[in-house]
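Q: fold the following, please.
(chains A and B)
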2 protein chains.
Amino acid sequence: MVETRTLERKEADFFGAGPALLPTDVLQEAAHDLISYNNDIVGIAEISHRSKPAIAVIDDTKTNLKKLLDIPDNYEVFFLQGGGTTGFSSIAYNLLANHAKRTGKKGRAAYAVTGSWSAKAAEEAKRLGFEVDTVVNTKSINYGDIPPYSEWEPIKENTSYLWVCDNETVHGNEFQDTPGSDYLPEGVELVADMSSNILSKKIDIEKYGLIMAGAQKNVGIAGLTIYIIRKDLLDQASDEELNKLEIPLSPIATHYPTVVKNNSAYNTIPIFACQILKLVTQKLLKEGGLAEREKVNNKKAELLYKVLDSYPNFYILPVENPKVRSKMNVVFKLPSEELNSKFVAEADAANLKGLKGHRSVGGIRASIYNAVSLESVERLVKFVDEFAKANS
Amino acid sequence: MVETRTLERKEADFFGAGPALLPTDVLQEAAHDLISYNNDIVGIAEISHRSKPAIAVIDDTKTNLKKLLDIPDNYEVFFLQGGGTTGFSSIAYNLLANHAKRTGKKGRAAYAVTGSWSAKAAEEAKRLGFEVDTVVNTKSINYGDIPPYSEWEPIKENTSYLWVCDNETVHGNEFQDTPGSDYLPEGVELVADMSSNILSKKIDIEKYGLIMAGAQKNVGIAGLTIYIIRKDLLDQASDEELNKLEIPLSPIATHYPTVVKNNSAYNTIPIFACQILKLVTQKLLKEGGLAEREKVNNKKAELLYKVLDSYPNFYILPVENPKVRSKMNVVFKLPSEELNSKFVAEADAANLKGLKGHRSVGGIRASIYNAVSLESVERLVKFVDEFAKANS
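A: Got it, this is the predicted structure:
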């Protein structure tokens, strides 16, 4: 059968929360790579993960990430399968194994619970038998604010790391600035889940011991997770020592030293997902890097929150404090369930798609990740304005 | 930029061991789905894993697998990330948790070590703290044969499962028939790693408690693993009971009851990899199912082994017993390293690609998975014959 169709699509106004919109040109390139990679007789997903072209995809993706995020040489970038949920377990296993190496003790882990994702992370570490301290928990205010660090519980002795979820996708809050030495005792590592805002803004890598980010929201497709770790944190106590301290072992597939030693290909890396991440990061570099991206993302969020705030009795924002509002996931509600449904239905009819809120909180959520253009957001802003005028 | 390129490629004679060749028409379809799925404004990899179209992809893939393998209703099909390596840990965690539920005890696990993959599986279970018995180990004969079950060590009391790797990709052996009640005591489940031969032949599902198969060799791209489990094996002792028995807990992302309860989307399933598996299984069904596939695969293996055997002093087959030779990975060597290299180079020049043996064993390996056509194998057979005539 001769293939005659070309790979066209209109630019979509799509605000889905993840897996989410990706740049059309990236997908077109990836689609061709799937059929034939580098003019080879087969595509990128059909070659050995230990072949030269596959290794180059991994290495180029790492290089792009290092450039974009200005990652210092004493940090390692690697990839795992399993998304954020696998990060919840693997980070506890691996960092507590490092803590055991450094201190000879079974350490504790501290969690800032600022939304459903950090809550899940804490729950998983606890379930697996780790000592977990919750230093702040904003559930009682529906995760509507992040209190200043001065109000958080102090971090206990013998703590390995503090976990924060930099951007809570479901509840729509985001750290403006994560805790530094003003809050963190020396030797306690800051760990950030950046699954929904990685590469949306510049960050100071050196503040973090470890950053983990599932690719499928802001930078790629599901199946690949980015890890950025300070190299000294890869040192671990031996399995025997960990057994003696009753620290559970990581499955080998998520054992960071093994993964790093094998350049993210100890087991078969989903190379097609990595290729998409390579193309996305390549495009970001070409378009001016994260400074430029952050500028556009700030503008998008500013426009959208501004129109929502201009109808304070109509659009209800659960995150009242503007300083912790997410620039990626703009969450709001209308005064009634009927209006929520009407909003989603009319937006849909106006080709503004993917706006329904998370099933656990309802309402509306506009996810305005990197691939959502300023023009898309402007069309949404216009709709938000007109809908309020017609219905309030 | 207007996209004008179409998705063409020539049929390749590609014998790579995995990730491996896939049908061109499947990749073409998947490439279009990546840009726009079901005429939607976005592609299959950009939609929520809990949206209707994503759920339909999961359900249709399960249905196709059930039809192809004739899976009875008391079995569940589900998907995980992480490949076979994650299967090595997750199967031990989950089946021993089921054994604890059934017996109130910490059980043992038996492994038939017939190649490097089953060796790795046994090693991982042991490393994680499980009691592992090796009932047969053919390493001393370079995994060149599988002795009859009558010669295996008997399975100990309190054993949960026996692990076999149905097809050993690196060493090129394959079970003709896996152990049944002639060897297995009642209540001991047969677990098979079928990562490199799933859907290559008909199998009797009811012999197995659990089948695990990474998709990236015979049926899809890297990132998705198929699990087929008898439903009663999903019952597990509580976390508290497991802690008391000192049985390590599975990370939640690979906790089978949680994954099954959430229809393989507890965390974000790599839906693009699932879509490819859907298209591959759909094509298999359309082309006559596994009976037809098995016929072709048998023919391919027969032709290739026949020509190799016709030059017994030139082509050296490490798996001497024809009854356990793999029909997927045909492994052989030439009398010298120079001839091995010459074979690969001349085959490459003749457009017969991907024939280099695994780095751990050297020599030649022709992987003739489902997507490798009979015509491809016939061209390889011709080359094998001519190369022997010219060089022996």
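Q: from chain B, how far off is A:Tyr143?
A: 20 Å (Cβ to the nearest Cβ, to the nearest Å). All C-beta atoms are positioned from the backbone trio N, CA, C, and that covers glycine.
Q: what residue in the stretch 101-250 of chain A comes nearest to chain B?
A: Of all residues in the stretch 101-250 of chain A, A:Gly223 sits closest to chain B, at 3.3 Å by Cβ to the nearest Cβ.
Q: and the closest residue to that residue other than its chain neighbours, what pLDDT?
A: Leaving aside its sequence neighbours, A:Gly223 sits nearest to B:Pro270 (Cβ to Cβ, 6 or more residues apart in numbering or on different chains; 3.3 Å). Note on B:Pro270: pLDDT of 98.
Q: make sure B:Pro270 is actually in contact with A:Ile276.
A: No. If you go by Cβ atoms under 8 Å, B:Pro270 and A:Ile276 don't touch, sitting 11.3 Å apart.
Q: need the overlap of contacts for those two.
A: Contact criterion Cβ atoms under 8 Å, 6 or more residues apart in numbering or on different chains; residues shared by B:Pro270 and A:Ile276: A:Ile221.
Q: tell me the domain ranges of chain A?
A: A:44-284, A:289-391 (automatic domain parsing).
Q: which one of those lies closest to B:Glu131?
A: B:Glu131 lies closest to domain A:44-284 among the domains of chain A, at 14.2 Å (Cβ to Cβ).
Q: where do the helices sit along the stretch 51-200 of chain A?
A: Assigned by DSSP state H, counting those that start in this stretch, the helices in the stretch 51-200 of chain A fall at A:52-69, A:83-103, A:116-127.
Q: pLDDT of the second one, averaged?
A: This means helix A:83-103. For helix A:83-103, the mean per-residue pLDDT is 98.
Q: what do you get for the first one?
A: Model confidence over helix A:52-69 averages 98 on the pLDDT scale.
Q: same question, the shortest one
A: On average, the pLDDT along helix A:116-127 is 98.
Q: and the stretch 251-392 of chain A, which of its residues are near chain B?
A: A:251-254, A:266-273, A:276, A:351, A:353-354, A:359 (Cβ under 8 Å from any Cβ of the partner chain).
Q: just the buried residues from those, in ChimeraX please.
A: To isolate the buried ones among those in ChimeraX, judged by 16 or more other Cβ atoms under 10 Å in any protein chain shown, type:
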select /A:251,252,253,254,266,267,268,269,270,271,272,273,276,353,354
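Q: next step: the residues of the stretch 251-392 of chain A next to chain B restricted to strands.
A: Among those, the ones falling in strands (DSSP state E) are A:Lys353.
Q: what about the residue lying closest to A:Pro179 once chain neighbours are set aside, how many neighbours?
A: Nearest residue to A:Pro179, sequence neighbours excluded (Cβ to Cβ, 6+ apart): A:Tyr149, at 5.2 Å. By the other Cβ atoms under 10 Å in any protein chain shown criterion, the neighbourhood of A:Tyr149 contains 17 residues.
Q: do the one 5 residues further on as well
A: Applying other Cβ under 10 Å, we find 12 other residues in the vicinity of A:Pro154.
Q: so for it, what pLDDT did the model give?
A: pLDDT for A:Pro154: 98.
Q: same check, this time on the one 3 residues further on
A: At A:Glu157, the pLDDT value in this model is 98.
Q: next one: A:Ser392
A: 89.
Q: look up the closest residue to it, ignoring the ones flanking it.
A: A:Phe314 is the one closest to A:Ser392 (Cβ to Cβ, 6+ apart), at 4.1 Å.
Q: doesn't A:Ala390 make contact with the one you found?
A: No. The criterion here is Cβ under 8 Å, and A:Phe314 misses it with A:Ala390 at 10.7 Å.
Q: out of those two, which sits in the busier spot?
A: Regarding A:Phe314 and A:Ala390, a neighbour count based on other Cβ under 10 Å identifies A:Phe314 as having more, with 18 against 9.
Q: returning to what we had before: for the residue nearest to A:Gly223, what are phi and psi?
A: Torsion angles at B:Pro270 (phi, psi; degrees, to the nearest 10) stand at phi -70, psi 90.
Q: ok, now which ones touch it?
A: A:Ile221, A:Ala222, A:Gly223, A:Pro270, A:Ala273, B:Gln81, B:Gly223, B:Leu224.
Q: just the buried ones from those, in ChimeraX syntax?
A: Selection of buried members from the contacts of B:Pro270 for ChimeraX, criterion 16+ other Cβ under 10 Å:
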select /A:221,222,223,270,273 /B:81,223,224
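Q: show me the contacts of B:Pro270 that map onto helices.
A: Counting by DSSP state H, the part of the contacts of B:Pro270 found in helices is A:Ala273.
Q: just give me the closest of the contacts of B:Pro270 to A:Thr61.
A: Nearest member of the contacts of B:Pro270 to A:Thr61, counting by Cβ to Cβ, is A:Ala273, at 10.0 Å.
Q: would you mind measuring from that closest one to B:Glu46?
A: Using Cβ to Cβ, to the nearest Å, A:Ala273 is found at 13 Å from B:Glu46.
Q: tell me, what's touching those two both at once?
A: Counting by Cβ under 8 Å, 6+ apart, the shared contacts of A:Ala273 and B:Glu46 are A:Ile221.
Q: that older thread, now tabulate the helices of the stretch 51-200 of chain A in a markdown table and tack on mean neighbour count.
A: Formatted as a markdown table, the helices of the stretch 51-200 of chain A follow (neighbours: other Cβ atoms under 10 Å in any protein chain shown):
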| stretch | mean neighbour count |
| --- | --- |
| helix A:52-69 | 18 |
| helix A:83-103 | 24 |
| helix A:116-127 | 21 |
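Q: which one of the ones you listed lies nearest to A:Thr258?
A: Counting by Cβ to Cβ, A:Thr258 lies closest to helix A:83-103 out of these; the figure is 10.2 Å.
Q: so how far is A:Ser90 from the residue nearest to A:Gly223?
A: From B:Pro270 to A:Ser90 the distance is 17 Å (Cβ to Cβ).
Q: try A:Lys66
A: A:Lys66 is 22 Å from A:Ser90, where distance means Cβ to Cβ.
Q: for A:Ala31, same thing?
A: 31 Å.
Q: who touches the strand or helix carrying A:Thr258?
A: Here A:Thr258 sits within helix A:256-261, counting by DSSP states H and E. The contact list for helix A:256-261 (Cβ under 8 Å, 6+ apart) reads A:76, A:78, A:80, A:90, A:94, A:227, A:229, A:234-236, A:250, A:252-253, A:266.
Q: repeat the analysis, applying 10 Å as the threshold.
A: A:76-80, A:90-91, A:93-95, A:97-98, A:210, A:227, A:229, A:231, A:233-236, A:250, A:252-253, A:255, A:265-267, A:269, B:85 (Cβ atoms under 10 Å, 6 or more residues apart in numbering or on different chains).
Q: hey, C-alpha coordinates of that helix in PDB?
A: Output of helix A:256-261 as PDB, limited to C-alpha atoms (Å, rounded to 0.1, in the frame of the first residue of the first chain):
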ATOM      1  CA  TYR A 256      20.500   5.200  40.600                       C
ATOM      2  CA  PRO A 257      24.200   4.100  40.600                       C
ATOM      3  CA  THR A 258      23.400   1.200  38.300                       C
ATOM      4  CA  VAL A 259      21.300   3.400  36.000                       C
ATOM      5  CA  VAL A 260      23.900   6.100  35.800                       C
ATOM      6  CA  LYS A 261      26.800   3.600  35.300                       C
END
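Q: buried ones in that helix, by neighbour count?
A: Under the neighbour-count criterion of 16+ other Cβ under 10 Å, helix A:256-261 has A:Tyr256, A:Val259, A:Val260 buried.
Q: so who does A:Leu21 touch?
A: Counting by Cβ under 10 Å, 6+ apart, A:Leu21 has contacts A:11-15, A:27, A:217-218, A:353-354, A:367-373, A:376, B:41-43, B:46-47.
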